[in-house]
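Asks: Give me coordinates for this.
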Amino acid sequence: MKSLKLRGVLAAAALAVAAGVAGSAFAQETVLRVAMSAADIPDWTGAPDQGYEGYRFAGYTMYDALALWDLSSSDKAADIVPGLATSWEVDPTNNLLWTYHLREGVKFHDGCPWNADSAVWNFARVQDSDAPQFNARHAGMQGSGVVNVAKVEKVDDYTIKITSKTPASLLPYDLAMFYMISNCGVEAAGNDYVKYAEHPAGTGPYKFDKLVPHERLELVKNAEYWNPDRIPKHDRLVLLPMPEASTRAAALLSGQVDFVEAPSPDTIPALTAAGMQIVTVPYPHNWDYLLRVDKGPFADLRVRQAANMAINRQDMVDMLQGVATAGYNTLIESQPWYGSPPIYEYDPEGAKALLTEAGCMPCKIKIGISTSGSGQMQPLPMNELVKEQLDEAGFEVELIPMDWNALIGVFLGGADKSEFDGINFSMAPIDASQGILKKWMTAYAPPSCCNWGFYKNEEVDKLGNEAMAEFDQAKRDVILTKMNDTIMADAPELFIAHDLNPRALSPKLSGFVQAQSWFQDLTPIVVNP
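Replies: The predicted model follows:
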């Protein structure tokens, strides 16, 4: 029997999946309907917002990058494979110079050919403010992927050379986040991206079909996709924003959707009893607080350590009914750079002593949080528990809730442009570039990238530069491990939990393989009668 809570939100779910979305409206098609945790439809023009959920559903569905994430296995952390480039190599005599060999015979959804001209045009779209196709919003959302790129040149129709600003051994991982869009489509729209949004075109396994603003985005199978193994096994993909977790669960139970992101723990028993498939897989995900360390309370190491000692992580795991693990590090233990960092165990009395020593008792802090969003799990009850535990240890926490996209804006702007001492911003340490280098090196403080709290450590910067200049993976991993150990000892964030990436699927779906990644491949899913 459905709980009263679930029955009470069925009407809301029905409104969220408005008329025309139900399977009967597509009687001649197989339709996969997905309830996202996003508050709105992610940007679909090649520069997704709404966090990595935007990349998952409006990025890797319609667009490709030079490299793609291999999302075909649940047994190991996802790594990159060739995408719109078949191979790449760094010049052995000049470690700033990369050669990328582009895939031949690929076309954008509008028939525009993919080639070196398209590639060069796309880099200018986010890097060259004088280019007619430059788009400031695209630069804001996609710029971090090309932050290390100094110059891109055409060699021939299917070869480009990329010059990096500094040695960048992890550049292929950065470029796996940079989507290629149709240069012909944007030019035909007069470089008007609002007009282009009416008929956007990538090279991905799905093509744009229609949009109902704030309600649904509909994509259809690209039967001519260049990789026959990833041609979708269903005809249509319908993406629906549903930020309320109980609404998503109710929509699945009532048959209005087939696939649900992040079901809340309290709905999982009802979903399981109804025959739904509950899928969980560990992946590189840290649900934490990024701390401002250049000024304010968290500039003091003792205050940062006290915050970490105030958290009873097992209480958080228990509240989430086991769909998370305790977090003591940015990384998860299966990643090769995890190392042997200090572990901040639960010790509220020790936390009080540190705050007293630091002269910050009670220690007033203001934290920006979201009400929902990609990777944010169940942010409201989780943040209330964190606040309760911090307050008990001598903090005085003020939580400021906002829409997920608004919090992304705070993150991109940097701590110095905000009112906050910290933000609850789930991060994606899916590779060493994102999880270590760009998160903590001084050079990547906003607006360059992702060091939100302006953390600075000369030893960390030195190790980071060594890692970027080391092209032997084994040797680089040793440097990165030492770098991570050094950072974790500084406690520049409040470590809380790692997500287990729960999803709920209708029993009529088969073929889905949940990857150890923030991204997922929906193309293998079969929608059975």
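Asks: residue ranges for the helices of the stretch 1-150 of the chain, please.
Replies: With helices called from DSSP state H, counting those that start in this stretch, the stretch 1-150 of the chain shows them at 4-8, 10-16, 51-58, 116-127, 136-142.
Asks: tell me, how many neighbours does the closest residue to Gly202 other than its chain neighbours end up with?
Replies: Distances taken as CB to CB, 6 or more residues apart in numbering put Tyr63 closest to Gly202, at 3.5 Å, once the chain neighbours are dropped. In this view, the C-beta of every residue, glycine as well, is placed from N, C-alpha and C. A count of neighbours around Tyr63, defined by other CB atoms under 10 Å, yields 29.
Asks: Can you list phi and psi of Tyr63 for me?
Replies: Backbone torsions for Tyr63, taken as degrees, to the nearest 10, come to phi -130, psi 160.
Asks: could you measure it against Asn115, distance?
Replies: 16 Å (CB to CB, to the nearest Å).
Asks: sorry, back to before: is it true that the residue nearest to Gly202 touches Met180?
Replies: Yes. The criterion here is CB atoms under 8 Å, and Tyr63 meets it with Met180 at 6.5 Å.
Asks: packing partners for the biggest helix by length in the chain?
Replies: The single longest helix within the chain, with elements called by DSSP state H, is helix 473-490. Packing partners of helix 473-490 (3 or more CB pairs under 8 Å, 6 or more residues apart in numbering; DSSP states H and E): helix 458-468.
Asks: pretty sure Phe259 is touching Lys508, no?
Replies: No. The pair Phe259 / Lys508 is not scored as a contact, 10.6 Å apart, by CB under 8 Å.
Asks: These two - which one has more neighbours?
Replies: Set Phe259 next to Lys508 and count neighbours by other CB under 10 Å: Phe259 wins out with 26 against 14.
Asks: residue contacts, the more buried one?
Replies: Going by CB atoms under 8 Å, 6 or more residues apart in numbering, Phe259 touches 32-35, 252, 503-506, 509, 512, 522, 525.
Asks: so what's it bridging to?
Replies: Val34, Leu505 (DSSP bridges).
Asks: and the residue nearest to Gly202, what does it touch?
Replies: Neighbours of Tyr63 in contact, by CB under 8 Å, 6+ apart: 46, 179-181, 202-204.
Asks: Going by distance to Leu102, which of these wins?
Replies: Closest to Leu102 out of those is Met180 (9.9 Å), distances taken as CB to CB.
Asks: For that closest one, grab phi and psi.
Replies: Main-chain dihedrals, Met180, degrees, to the nearest 10: phi -100, psi 130.
Asks: Repeat that for Leu66.
Replies: Main-chain dihedrals, Leu66, degrees, to the nearest 10: phi -60, psi -40.
Asks: one step back: list just the nearest of the contacts of Tyr63 to Thr267.
Replies: Thr267 lies nearest to Gly204 out of these, by CB to CB, at 31.6 Å.
Asks: And the closest one, what's its pLDDT?
Replies: Looking at Gly204, its pLDDT stands at 98.
Asks: number of nearby residues for it?
Replies: Gly204: 27 surrounding residues under other CB under 10 Å.
Asks: wait, it sits on Phe57?
Replies: No. Using CB under 8 Å, Gly204 is not in contact with Phe57, being 11.5 Å away.
Asks: sorry, back to before: and the longest helix of the chain, how far out from the chain middle?
Replies: Between the centre of helix 473-490 and the centre of its host chain there is 23 Å, according to CA atoms, centre = their mean, to the nearest Å.
Asks: ok, and for it, which residues are buried?
Replies: For helix 473-490, burial by neighbour count (16 or more other CB atoms under 10 Å) applies to 476-488, 490.
Asks: and if you look at stretch 268-279?
Replies: By 16+ other CB under 10 Å, the buried positions in stretch 268-279 come out as 268, 270-271, 274, 276-277, 279.
Asks: so how far is Ile525 from Val206?
Replies: Heads up, residue 206 is Tyr, not Val. Tyr206 sits 12 Å away from Ile525, going by CB to CB.
Asks: Tell me which of those two has more neighbours.
Replies: Tyr206 (27 against 23).
Asks: Looking at strand pairing, list the partners for the more buried one.
Replies: Counting by DSSP bridges, Tyr206 is bridged to Lys221.
Asks: Now do the contacts for it.
Replies: Counted by CB under 8 Å, 6+ apart, Tyr206 has contacts 61-62, 219-222, 232, 237.
Asks: repeat for Phe512
Replies: Here Phe512 is in contact with 259, 279, 505, 520, 522, 524-525 (criterion: CB under 8 Å, 6+ apart).
Asks: Kindly report the same for Val460.
Replies: 440-441, 483, 486-487.
Asks: swap in Ala124?
Replies: Residues in contact with Ala124 (CB under 8 Å, 6+ apart) are 131, 133-134, 152.
Asks: got the contact list for His199?
Replies: 110, 185, 189, 208.
Asks: Which of the residues you listed fall in strands?
Replies: Under the assignment DSSP state E, those contribute Phe208 to strands.
Asks: Only whichever of the contacts of His199 are buried, select them in ChimeraX.
Replies: Filtering the contacts of His199 down to the buried ones (16+ other CB under 10 Å) takes a single ChimeraX command:
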select :185,189,208
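Asks: Sketch out the low-pLDDT regions of the stretch 301-450 of the chain for me.
Replies: Within the stretch 301-450 of the chain, no range satisfies pLDDT under 70.
Asks: ranges for the helices of it?
Replies: Counting by DSSP H, counting those that start in this stretch, the helices of the stretch 301-450 of the chain are 301-309, 313-319, 348-358, 379-392, 404-413, 432, 438-440.
Asks: any chance of these in JSON lines, plus mean neighbour count?
Replies: Listed next are the helices of the stretch 301-450 of the chain as JSON lines, based on neighbours: other CB atoms under 10 Å:
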{"stretch": "helix 301-309", "mean neighbour count": "24"}
{"stretch": "helix 313-319", "mean neighbour count": "16"}
{"stretch": "helix 348-358", "mean neighbour count": "18"}
{"stretch": "helix 379-392", "mean neighbour count": "18"}
{"stretch": "helix 404-413", "mean neighbour count": "19"}
{"stretch": "helix 432", "mean neighbour count": "27"}
{"stretch": "helix 438-440", "mean neighbour count": "26"}
